[in-house]
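A.B. asks: Build me a structure from this.
(2 chains)
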Amino acid sequence: MSGARTQPLSLPRRRAHGRLAAGLLALALLVIMCAIHLGIGSRFIWPGTVVRAVFAYDPANFDHKVIIGLRLLRLLSGLLVGAALGMSGALLQLVTRNPLGEPHVLGLNAGAALAVVLATTLGLAGGTAFGALAARPLVAAIGAGLLFSLIITASSAGRDGLTPLKVILCGVAFSAFAASLTSALLILDEQTLADLRLWLAGDLSGLTYAGLACAAVPAAFAALGALAITPQLNALALGENVASGLGVNLRRTRFAALGAAALLCGASVSLAGPVGFVGLVAPHAVRILISRDARLLVPLSAVAGALILLGADAAARTLLAPRELATGIMTAVLGAPVFLLIVSRYFR
Amino acid sequence: MTSPSHANGYRRFALGPVALLARPVAVLACLALALLVMGLAAYAVSRGSYAIALPDLARLLRAPDTGTREQLYILYDIRMPRILIAALSGAMLGLAGAAMQSITRNGLADPGLIGVKEGASVMVLAVILLFPAASVGWRPVAGMAGGLCVALLVILIARDLSRTRFVLVGIGVSWMLSSIVLIFLTTADIRDVQTALVWMTGSLHAAGWPLLSVAAIWALAGTVILFATARASDAALLGDGAATGLGVRLRRLSVLRLAAPVLMTAASVSCVGSLGFVGLMAPHMARFLMRGNQVTLLASSALVGALLVLAADTIGRLAFAPLQIPAGIVMSVMGVPFFLLLLWRRRNQL
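C.D. replies: Presented below is the predicted three-dimensional model:
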């Protein structure tokens, strides 16, 4: 752990092997989780059949049809949403230097939801169906980015700058504000309520391949951008003065990281609605189990986020068997205790 | 003879053997606030989809037999309970916020912020969804049990009331509980969910006389506890050592002063649903309007709280005329800028 802190720009070789192994293990776990996720449902399908369905698709086999036709879309969306949330959580924690940074806690989810509801109410994202789909991730990202920059501006006031407590209090207040505006809009406009009610609960349902593709493109760009600035984020972890002494452009790095976080959050919100706490748990798990190095933390948080989201989704669909819980509820039930743990560990 | 209390504006009012030390300024200010509340209530009663002119209103209140049947129905069965319950729950929330802020010595403490509201919501939802036949009288009881449990849980986890961790733990616990509320809402029968949703958003339009009487009983109990301990908590503000020296039993005082706000918040949540920010805003506004001891603060917070909720409900009811916006939504739209102002004022301490 301390090796990564004192020498952020070069990995000791022995550690590097261990970390490679850990990363590969995480990926293997993710593949296994995918197989389980595809198999779970009102009709349980064994993992062997799942693998055969993916690699040797047989249209005549009913199980294969269920997996490819019905469940694959949910799996892919879950992967994208979880990875985007995990990565944006890692970015937010690194940039705000706040262990509680997370799209839900910091108000990005609420801003994105408000923007989407507002756009739907005004019919801005209307026009063609494809235009609406393509615009939704961007609208969500703009909403998330705007609300988050408001929160950051409000909470950097004062002598000590951006303290964790101020960021969270502002995040809670602005989230409440955005949420109440959202519900006011929904009460005033029944059509939008009918369109968006399921989506607002934070659930992986009502998905389409077109929507997935439209969310995947901005998410991919944001992920590439985020991976490109990880060395600068490592330097930023040493403190602002050290970072600018090492030649990091603070303003540009922060702007890039926050933009990427907003885009990732927008992509995930446009697909699954506001899903909380994945972005909180994933980076902490990676940090405790594998590494604090941003170059590993950011991509592995994506893997861990996908893992957590798929697990939560599988649990949400099986725990109360004939009924399905919304995915966002499951992640909140799992994530809120983690929030409490982190609070009692970091705030004494 | 000028004593310190005389110099601070206190005057002695004596009526036979009973004497009272009070400040005429504060008393007059509270009376003015009360008049404002009554004026707003009269306006709110008279306006709506069926307008009752103010002279008619005065006549109807004095002699009920002179009105038409629909006038009487609208006045006594629809608008009066709603407005009374708005004022009552606002007063309860204001009192609870004032007591909570003085006992935790934390200006951002609000019973709503530390999960009491969500705890009460979970229990009331359980009553609504699992025992749909139970009368409304059970809701405050269940809500208070839930609120007390959650307050105890938050205190146990945070272990210290005046630190920032207290607020953060409260936020975390309320997130967890609101996900439990969502589980209830997504799995239960859709008709019960509709009842629950109407109640949840802090809407007052289900108010009626039975609910009002239930709320009034609990409000009375909480108010008595708070005003009875007001002198002791004035002393407690001097610090633990000084208060113990003055003969205050600190442990009993803090138990009472934590239990009363939790009870009142839970009662108001169980009656009208969740109304955020009132408990946070009212004491600060009251302190801005008048300074003074706990009695003044409690009385003026209650009045300001009543004024706030009444205003929020009236705006929500009249602004988008045929449609009604729940008071809770109006309240948080008004409350967030205020919260930010509070944060701004203590930006160097957090």
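A.B. asks: Spatially central residue for chain B, please.
C.D. replies: In chain B, the centroid-proximal residue (C-alpha atoms, centre = their mean) is B:Leu93; its distance is 1.3 Å.
A.B. asks: For that one, list the residues it contacts.
C.D. replies: By C-beta atoms under 8 Å, 6 or more residues apart in numbering or on different chains, the contact set of B:Leu93 is B:Pro111, B:Gly112, B:Met264, B:Thr265, B:Ser268, B:Leu275, B:Val278, B:Gly279, B:Ala282, B:Gly305, B:Val309. No exception for glycine: its C-beta is placed from N, CA and C like everyone else's.
A.B. asks: and if you look at A:Thr327?
C.D. replies: By C-beta under 8 Å, 6+ apart, A:Thr327 lies in contact with A:Gly78, A:Gly202, A:Asp203, A:Leu204, A:Ala272, A:Val275, A:Leu309, A:Ala312, A:Asp313, A:Ala316.
A.B. asks: buried ones in the helix or strand the last one falls within?
C.D. replies: Element membership for A:Ala316, per DSSP states H and E: helix A:294-318. Burial within helix A:294-318, assessed by neighbour count using 16 or more other C-beta atoms under 10 Å in any protein chain shown, is assigned to A:294-317.
A.B. asks: Looking at chain A, what residue ends up closest to chain B?
C.D. replies: Among all residues of chain A, A:Gly158 sits closest to chain B, at 3.0 Å; criterion: C-beta to the nearest C-beta.
A.B. asks: How about the secondary structure of that residue?
C.D. replies: Assigned by DSSP: H, G, I helix; E, B strand; the rest coil, the conformation of A:Gly158 is coil.
A.B. asks: about what we covered before: quick check, nearest of the contacts of B:Leu93 to B:Arg345?
C.D. replies: Nearest to B:Arg345 among these: B:Ala282, at 16.6 Å, using C-beta to C-beta.
A.B. asks: That closest one: what's it in contact with?
C.D. replies: Going by C-beta under 8 Å, 6+ apart, B:Ala282 touches B:Gly90, B:Leu93, B:Gly94, B:Gly97, B:Ala98, B:Ser301, B:Ala302, B:Val304, B:Gly305, B:Leu308.
A.B. asks: 7 Å instead, please
C.D. replies: B:Ala282 sits next to B:Leu93, B:Gly94, B:Gly97, B:Ser301, B:Val304, B:Gly305, B:Leu308 when contact means C-beta atoms under 7 Å, 6 or more residues apart in numbering or on different chains.
A.B. asks: quick one: the last one from A:Leu169, how far?
C.D. replies: Yep, that's B:Leu308 we're talking about. Shown here: B:Leu308 relative to A:Leu169, a distance of 21 Å by C-beta to C-beta, to the nearest Å.
A.B. asks: Make sure B:Trp344 is actually in contact with A:Ala157.
C.D. replies: Yes. Between B:Trp344 and A:Ala157 there is a contact under C-beta atoms under 7 Å: 6.1 Å.
A.B. asks: Check which element follows the helix holding A:Ala316 along the chain.
C.D. replies: The helix or strand immediately downstream of helix A:294-318 is helix A:327-346, counting by DSSP H and E.
A.B. asks: Tell me which residues of that next one come out buried.
C.D. replies: Residues A:327-336, A:339-340, A:342-344 are the ones in helix A:327-346 that count as buried (16+ other C-beta under 10 Å).
A.B. asks: before we move on, back to that, where's the residue nearest to the centre of chain B, which helix or strand?
C.D. replies: helix B:80-104.
A.B. asks: Would you mind getting the angle between whatever helix or strand comes next after that helix and helix B:80-104?
C.D. replies: For helix B:80-104, the following helix or strand on the C-terminal side (DSSP H and E) is helix B:116-130. Relative orientation of helix B:116-130 and helix B:80-104, computed by axes from the mean of the first three to the mean of the last three C-alpha atoms, to 10 degrees: 140 degrees.
A.B. asks: can you pull out the helices in the stretch 101-250 of chain B?
C.D. replies: Per DSSP state H, counting those that start in this stretch, the stretch 101-250 of chain B carries helices over the ranges B:116-130, B:138-158, B:164-187, B:190-200, B:209-228, B:230-236, B:240-245, B:250-272.
A.B. asks: Contacts for the strand or helix carrying A:Gly171, please.
C.D. replies: Following DSSP H and E, one finds A:Gly171 within helix A:164-188. Helix A:164-188 is contacted by residues A:96, A:98, A:100, A:105-107, A:110-111, A:113-114, A:117-118, A:121, A:147, A:150-151, A:154-155, A:192-193, B:164, B:168, B:171, B:201, B:276, B:320, B:323, B:325, B:329, B:332-333, B:336, B:339-340, B:343, B:350 when judged by C-beta under 7 Å, 6+ apart.
A.B. asks: Which of the residues you listed fall in helices?
C.D. replies: Of those, the ones assigned to helices by DSSP state H are A:96, A:110-111, A:113-114, A:117-118, A:121, A:147, A:150-151, A:154-155, A:192-193, B:164, B:168, B:171, B:329, B:332-333, B:336, B:339-340, B:343.
A.B. asks: Neighbours of the closest residue to B:Leu108 other than its chain neighbours, how many?
C.D. replies: Spatial nearest neighbour of B:Leu108, excluding adjacent residues (C-beta to C-beta, 6 or more residues apart in numbering or on different chains): B:Val167 at 5.8 Å. The number of residues packed around B:Val167, counting by other C-beta atoms under 10 Å in any protein chain shown, is 25.
A.B. asks: separation between B:Val167 and B:Ala235?
C.D. replies: 26 Å.
A.B. asks: Count the neighbours of the nearest residue to B:Gln294 once chain neighbours are set aside for me.
C.D. replies: Spatially, and ignoring its direct neighbours in sequence, B:Gln294 is nearest to B:Ala230 (3.9 Å; C-beta to C-beta, 6+ apart). B:Ala230: 19 surrounding residues under other C-beta under 10 Å.
A.B. asks: contacting residues around B:Ala230?
C.D. replies: Neighbouring residues of B:Ala230 by C-beta under 7 Å, 6+ apart: B:Gln294, B:Val295, B:Leu298.
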